[in-house]
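Asks: here is a sequence together with a model predicted from it:
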Amino acid sequence: MTDAYIVGVDMIKFGRFPERGVPEIGAESALLALDDCGLEIQKMEALYCGNLGQAGAMVGQRILQQIGQTGIPVVNCANACATGATAFREAWMAVKAGVYDLVLAVGVEQMGKGLLGGGGGGKGIPKEGMLGSGTMPAVFAEAGMEHARNYGTTFEQFAKVSVKNHHHSTMNPKAMYQIETPLDVVMNAEMIAYPNTKLMCSVNVDGSAAAVIASGKKARELGLMGRAVKVSASALTSDPWQERDLVMPDVNTCTRRAAQTAFEMAGIGPQDVDLVELHDCFATAEILHYENLGLCADGEAGRMIDEGETSLGGRIPVNVSGGLLSKGHPLGATGIANLYEVSTHLRGEAGKRQVEGAKVGMTHVIGLGSACGIHILEKVAA
């Protein structure tokens, strides 16, 4: 199997674009990624597109209608919040297997407002309102409270995640929000589902991100290795069966399994990672994933946030982009947007938010249902 590299990657500034359609939004990031490596759509041998809200609408083909219909195979993916990461992984696997030398992966989403999850159809006893809530704020509030019960994690520690990520966003021109939110402001914001206030919940936005993946042979042939980023590992998991109360979703196990797989594939451990973009759909989730990804021992996440270990300049900076809490969370785009952020740091092109000396980065997304995608990227030695 050949090595595979990100040779072009970019994203649009996340926001709300009611006047634009999904294919148009996706086409913009696709062109940005192609421009990033100086290639044309005619050079691409396949397109992998991630989109959740219009699954079945052949979004990938509609993007090509915007930027050039070249007759290449198109694969459309939908996999909850791991949709973009799944599309990227499928593209990466095709290059690794030697089927293609140059492929384009695009993640795109146009979101509405309001709470995600909950409701549900079908027959039988409804869960919503009788056995708890399936809305995402409630699910991750419940998971946070379980962590608090086990380890004494406090409301203030959860809130500090939001303070950190909003601060990071002020250095990211592509984030939806770029504002400071002091601790008292976060803690006194409207309570959505304790302990998550409104400022501790991710932002529903429109957005897209794209990446061009090349085989090592093709990257060298085209002279693109100078800014190439090696994809050292790609892992995708779902929940295994467990003898547990399935009324409460498990937000931890598939991440732990994916992290173990990714580290083994890359031949490294958590101690070798220089920065992480993880799935902070809620402030409570980020705390949980410090431990799920092996960034610290179980029960140590609260201490990590207190001591600034995950802030820019800390031991292991997390969500220097501003994360989903500030950058925004367009479901189908998030996985590739995370890859853009880490690639930018490994290239040394992140400006004010640059993690100095970054050589290895990790991206993580999780969609309840369940799907977890993790990628490990490495800087290419000069």
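Replies: Right, received. Where do you want to start? Residues are numbered from 1 along each chain as shown.
Asks: isn't residue 262 up against residue 376?
Replies: Yes: between residue 262 and residue 376 there is a contact at 5.3 Å, judged by Cβ atoms under 8 Å. Placement of C-beta: from N, CA and C, glycine included.
Asks: so what sits against both of those two?
Replies: Contact criterion Cβ atoms under 8 Å, 6 or more residues apart in numbering; residues shared by residue 262 and residue 376: 233, 234, 362.
Asks: what ranges does the stretch 1-150 of the chain have for its helices?
Replies: With DSSP state H, counting those that start in this stretch as the criterion, the stretch 1-150 of the chain has helices at 22-37, 59-67, 83-96, 136-151.
Asks: ok, and which of these has the densest surroundings?
Replies: Mean neighbour count (mean count of other Cβ atoms under 10 Å) peaks for helix 83-96 among those, with a mean of 27.
Asks: tabulate the helices of the stretch 1-150 of the chain (TSV), appending distance to residue 348 and mean pLDDT.
Replies: Converted to TSV, the helices of the stretch 1-150 of the chain look like this (distance: least, Cβ to Cβ, whole Å; pLDDT from 0 to 100):
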stretch	distance to residue 348	mean pLDDT
helix 22-37	15	98
helix 59-67	29	98
helix 83-96	22	98
helix 136-151	34	94
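Asks: could you say which one of those comes nearest to residue 350?
Replies: helix 22-37 (14.4 Å; Cβ to Cβ).
Asks: next one: that closest one to chain centre, how far?
Replies: 18 Å (Cα atoms, centre = their mean, to the nearest Å).
Asks: same for it, what does it pack against?
Replies: Other helices and strands packing on helix 22-37, by 3 or more Cβ pairs under 8 Å, 6 or more residues apart in numbering; DSSP states H and E, are strand 4-11, helix 59-67, strand 102-109, strand 207-215.
Asks: among these, which is nearest residue 150?
Replies: strand 102-109 (33.8 Å).
Asks: any weak-confidence spans in the stretch 151-300 of the chain?
Replies: Applying pLDDT under 70 to the stretch 151-300 of the chain flags residues 245-247.
Asks: quick one on the thing from earlier: which of the shared contacts of residue 262 and residue 376 lies closest to residue 101?
Replies: For those, the nearest to residue 101 is residue 234 (17.7 Å; Cβ to Cβ).
Asks: and the closest one, what element?
Replies: strand 229-237 (DSSP states H and E).
Asks: quick one: strands adjacent to that strand?
Replies: In the sheet, strand 229-237 lines up against strand 4-11 (antiparallel), strand 371-379 (antiparallel) (DSSP bridges).
Asks: quick one, strands of this structure?
Replies: Assigned by DSSP state E, the chain shows strands spanning 4-11, 47-50, 74-77, 102-109, 191-193, 196-197, 207-215, 229-237, 275-277, 360-367, 371-379.
Asks: other SSEs contacting the second one?
Replies: Okay, so that is strand 47-50. Using 3+ Cβ pairs under 8 Å, 6+ apart, strand 47-50 is in contact with helix 59-67, strand 74-77, helix 83-96, strand 102-109.
Asks: middle-most residue in the protein, spatially?
Replies: For the chain, residue 335 is the residue whose C-alpha lies nearest the centre (Cα atoms, centre = their mean; 3.6 Å).
Asks: mind listing what that one touches?
Replies: Neighbours of residue 335 in contact, by Cβ under 8 Å, 6+ apart: 50, 81-88, 107, 363, 365, 373.
Asks: one more pass at 6 Å, please.
Replies: Contacts of residue 335 were listed using Cβ atoms under 6 Å, 6 or more residues apart in numbering, and they are 84, 85, 107, 365, 373.
Asks: what sits against residue 80?
Replies: By Cβ under 6 Å, 6+ apart, the neighbours of residue 80 are 367, 369, 371.
Asks: if we go to 7 Å?
Replies: Going by Cβ atoms under 7 Å, 6 or more residues apart in numbering, residue 80 touches 52, 367, 368, 369, 371.
Asks: circling back: which of the shared contacts of residue 262 and residue 376 has the most neighbours?
Replies: residue 362 (30 neighbours; other Cβ atoms under 10 Å).
Asks: ok, it touching residue 346?
Replies: No: with contacts counted by Cβ atoms under 7 Å, residue 362 stays clear of residue 346, the gap being 11.3 Å.
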